[in-house]
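**Q** Predicted structure and sequence below. I'll ask about it afterward.
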Amino acid sequence: MLSSCAWVATGGGEGAYFSEEFEGKELKLVEWAGDHEKKIEAHDLSSNVFHSGKQSEHIRIVYGNKGARYDYWRIKDLQPITLTPGMMLEISAWVKADRPMDIRVSWAVKGGKKSGVITGGRYSGNGAWEEIRLGNIEEQAFSQAEAAQVDVSQGLAMTVIGFNLYGFSEKQNIDLYVDEIRIYTRIPLEIEGINREKSRIARMLSADGTKKYAEDFEELYEQLDDAKKILAETPDGATERVAAQKLLKDIFGRYKRMKMRLALAVLE
């Protein structure tokens, strides 16, 4: 299911820490927080409404007129994921509802009491299936901790992942469907993208006036291979691995800028 120390290849693809397709018999969402008056009319696995596979998880809620009008639902039995700089952690989910919602992530200092919440991946509430995403989770968590002058020497962990429903009115019925939740690092996707474009970059470098960029791309490819090797040989959290993750994030940014400059040179 979920690894607190390293990502694994799961049904969600390479680089996935967690993947839930809702194809079993067990409900995966439970109430997290919220003080609004409500009644749960149904909570089941729907074989009639789903984004992929054969099922999704469905919750029908009737809200009353008391409370602050927010309602959090979290993924059940999710183990903490250690956050390390440069890991490019992202969450995605397919959702369908008739009210707006977003993703909420709770992080905490390991062995401590300090914590924070990250919000993103807003769903419009238009009643259609949409994929919502929340990215750069570790970067946002460390940024919040730094702003709050929190000691992070013991490390940070993502502890709770959930969905927040809001914008509902008194006695309103809401049907929420959730499918295909994934927690993953974008690193393999970014590496795959660079490798996939190598032949196109090579053709562009053969054009007049572009050969001066060849050495820069060659150096970048070498750094990419070195960092990939370190990731393959070191556990999550190791000093060498964190350094490689930071280097890869820098490589991905440089690659995009280099590719843009090369494309402009080809057009000249």
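**A** Looks like it arrived, so ask away.
**Q** CA atoms for contacts and neighbours, from now on please.
**A** Fine.
**Q** where do the strands sit along the stretch 101-250 of the chain?
**A** Along the stretch 101-250 of the chain, the stretches classed as strands by DSSP state E, counting those that start in this stretch are 101-109, 115-123, 130-134, 156-166, 173-185.
**Q** Enumerate the sheet neighbours of the last one, specifying parallel or antiparallel for every one.
**A** Right, the one you point to is strand 173-185. strand 13-20 (antiparallel), strand 56-63 (antiparallel), strand 89-96 (antiparallel) (DSSP bridges).
**Q** so which of those strands is the most packed in?
**A** Highest mean neighbour count of those: strand 89-96, a mean of 22 (counted as mean count of other CA atoms under 10 Å).
**Q** Report the angle between it and strand 101-109.
**A** 150 degrees (axes from the mean of the first three to the mean of the last three CA atoms, to 10 degrees).
**Q** what residues does strand 89-96 touch?
**A** 51, 123, 125, 127-138, 176-186 (CA atoms under 8 Å, 6 or more residues apart in numbering).
**Q** what's the distance between K256 and E268?
**A** 19 Å (CA to CA, to the nearest Å).
**Q** I meant D151, not that one.
**A** 51 Å.
**Q** same check, this time on L262
**A** Counting by CA to CA, the gap from L262 to E268 is 10 Å.
**Q** Report pLDDT for G13.
**A** Note on G13: pLDDT of 45.
**Q** In three-state terms, label E26 for me.
**A** The local conformation at E26, judged by DSSP: H, G, I helix; E, B strand; the rest coil, is coil.
**Q** Repeat that for K259.
**A** helix.
**Q** For it, which residues are in contact?
**A** The contact partners of K259, taken as CA under 8 Å, 6+ apart, are I201.
**Q** L262 and E268: who's more crowded?
**A** Legend: neighbour count by other CA atoms under 10 Å for L262 and E268, higher for L262 (21 against 8).
**Q** The more buried one is in what secondary structure piece?
**A** Element membership of L262 [criterion: DSSP states H and E] is helix 239-267.
**Q** Over that helix, what's the mean pLDDT, rounded is fine.
**A** 95.
**Q** cool, stretch 102-121 as well?
**A** On average, stretch 102-121 scores 91.
**Q** if we look at that stretch, which residues are touching it?
**A** When contacts are defined by CA under 8 Å, 6+ apart, stretch 102-121 is touched by residues 122-123, 132-134, 137, 140-141, 144-145, 150, 152, 154-165.
**Q** so what's A33 up against?
**A** By CA under 8 Å, 6+ apart, the contact set of A33 is 71-73.
**Q** And it, how far from P100?
**A** 17 Å.
**Q** Tell me how many other residues crowd the closest residue to I61 other than its chain neighbours.
**A** Closest residue to I61 apart from its sequence neighbours, by CA to CA, 6 or more residues apart in numbering: I40 at 4.7 Å. Using other CA under 10 Å, I40 has 12 other residues around it.
**Q** Specify the angle between whatever helix or strand I40 lives in and strand 173-185 in degrees.
**A** I40 is located in strand 38-46, with elements delineated by DSSP H and E. Per the same axes, to 10 degrees, the angle that strand 38-46 makes with strand 173-185 is 60 degrees.
**Q** Now strand 38-46: buried residues?
**A** 38, 43-46 (16 or more other CA atoms under 10 Å).
**Q** swap in stretch 136-143?
**A** 136-142.
**Q** Among those residues, name the ones in helices.
**A** 137-142 (DSSP state H).
**Q** Now for the contacts of A33, which sits with the most neighbours around it?
**A** D71 (22 neighbours).
**Q** Can you tell me how far the closest residue to T159 other than its chain neighbours is from I137?
**A** Excluding the flanking residues, the one nearest T159 by CA to CA, 6+ apart is P80, at 4.6 Å. Plainly put, P80 is 13 Å away from I137 if you go by CA to CA.
**Q** mind checking the end-to-end distance for stretch 37-57?
**A** With CA to CA, one end of stretch 37-57 sits 22 Å from the other.
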